[in-house]
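> need coordinates for the following:
(one chain, ligands or ions: 1)
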Amino acid sequence: MPSDTAATRLASIRDRIARAARLADREPSEVTLVAVSKTHDADAIRPLIAAGQRVFGENRVQEAMAKWPDLRAETPDLVLHLVGQLQSNKAREAVETFDVIHAVDRPSLVTALARAMAESGRRPDCFIQVNIGDEPQKGGCAVNALPDLLAAVRAADLPVIGLMAVPPAGLEPAPYFALLAKLARDSGLPGLSIGMSDDFETAVTLGATHVRVGTALFGARA
Ligand SMILES: *Cc1c(COP(=O)(O)O)cnc(C)c1O
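Below you'll find the predicted structure:
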C-alpha cells in the first residue's frame, strides 16, 4: 500500500462496487454507498467528506446528534442514514436528525414514526428491517410477519422505499440476500439495503441499492 488514506480506501470501495454492478449488468449509479461512521469522530469523517463522500450512516441517535450538526453546517449536502435499532421514544429525534431510517421493524415503531413525521413535517425515507435468518436475538421483523408490517406501514403512510437485513454471521450471505431481494420484489419495493464490509460485492450482484460499509472505509472500530 503506497498510501492508505481515506481517499484511496474510498476510491477502492467505489471501484469494487462498480465492478460488481457491471458483472450483474447493473449501473454503478444504482448503488448508494452508505459510509457507516459509528464510533468514529468528526476528525476521522472529514477526510472522507473531503474525498467526495456525502452519504453516511450512524447506528445511535444520541451519537449522531452530537457529531453531525457541525459537519452538516460545514457541508450542507450531506445525507445521514440511521442503520441501527431505534427505540420508539427516540422516534422524534431520529426523524429530525436523519434523512433515511433503515430499521423499521415493529408496529409500535411505525406508530411512533408516523406521529413524529406528522409533528415535525419531515419525512425521512424508511426501510423495513427483516430478520432474514430468523435469529432469536436479532432486530428486524420475522419473515412471516412482513406482510402485516408492510400493511401497517402503508396504512400509516410512512415513506417506505425498501427492505434491509443483516444476514446471520459466519454463514454464506448470498442465499439470505437473494431471499430479501425476492421479498422486496414481491412487496413492490425498489430499495434493498444489504451488504457490509465483508460482503458488499455479493450484495451488489444480488441487487443491493444501498450498501452499508464501515470497517473497510474507516478501519476497525475500538
Ligand atoms: C456497523 C454496521 C454496518 C457496517 O459494518 P462493517 O462491517 O463495519 O462494514 C452496517 N450495517 C449495520 C446495521 C451496522 O450496524
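> can you name the residues in contact with the lengthiest helix in the chain?
Ordering each helix of the chain by length in residues (DSSP state H) puts helix 6-23 first. Helix 6-23 has contacts (CB atoms under 8 Å, 6 or more residues apart in numbering) with 1, 27-28, 30-31, 33, 35, 47-48, 50-53, 200-202, 204-205, 211, 213, 216-217. In this view, the C-beta of every residue, glycine as well, is placed from N, C-alpha and C.
> quick one: neighbours of Asn89, just the number.
8 (other CB atoms under 10 Å).
> next: Gly214.
For Gly214, the neighbour count with other CB under 10 Å is 21.
> same check, this time on Asp70
Asp70 has 9 neighbours, counted by other CB under 10 Å.
> show the buried residues in the contacts of helix 6-23.
In those, burial by neighbour count holds for 31, 33, 35, 48, 51, 53, 200-202, 204-205, 211, 213, 216-217, counting by 16 or more other CB atoms under 10 Å.
> once you drop chain neighbours, what's closest to Val213?
Counting by CB to CB, 6 or more residues apart in numbering, Val213 lies nearest to Ser197, which is 5.4 Å off, once chain neighbours are set aside.
> doesn't the one you found belong to a strand?
No - according to DSSP: H, G, I helix; E, B strand; the rest coil, Ser197 belongs to no strand; its state is coil.
> do I have it right that it meets Gly219?
No - the criterion here is CB atoms under 8 Å, and Ser197 misses it with Gly219 at 10.3 Å.
> the two: which has the busier surroundings?
The residue with more neighbours, out of Ser197 and Gly219, is Ser197; 16 against 13, by other CB under 10 Å.
> do you know the pLDDT at the more buried one?
Ser197 is assigned a predicted lDDT (pLDDT) of 98.
> how about it, what does it touch?
Val213, Gly214, Thr215, Ala216, Leu217.
> now the helix or strand hosting Arg46 against helix 6-23, angle please.
Arg46 is located in helix 42-50, with elements delineated by DSSP states H and E. Angle of helix 42-50 versus helix 6-23, following axes from the mean of the first three to the mean of the last three CA atoms, to 10 degrees, is 50 degrees.
> so which elements touch whichever helix or strand comes after helix 42-50?
Using DSSP H and E, the helix or strand that follows helix 42-50 in sequence is strand 55-58. Judged by 3 or more CB pairs under 8 Å, 6 or more residues apart in numbering; DSSP states H and E, strand 55-58 is in contact with strand 32-36, helix 61-74, strand 79-82.
> can you list the strands that the first one pairs with?
Looking back up the chat, that one is strand 32-36. Paired strands of strand 32-36, with direction, are strand 55-58 (parallel), strand 210-213 (parallel) (DSSP bridges).
> adding distance to the ligand, write these out as CSV.
As requested, these are exported to CSV (distance: least, CB to the nearest ligand atom, whole Å):
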stretch, distance to the ligand
strand 55-58, 7
strand 210-213, 4
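> save those as a markdown table, and put in distance to Asp70 and mean pLDDT too.
What follows is those, written out as a markdown table (distance: least, CB to CB, whole Å; pLDDT from 0 to 100):
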| stretch | distance to Asp70 | mean pLDDT |
| --- | --- | --- |
| strand 55-58 | 13 | 98 |
| strand 210-213 | 23 | 98 |
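> tabulate those (CSV), appending distance to Pro147.
Shown next, in CSV, are the strands paired with strand 32-36 (distance: least, CB to CB, whole Å):
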stretch, distance to Pro147
strand 55-58, 27
strand 210-213, 23
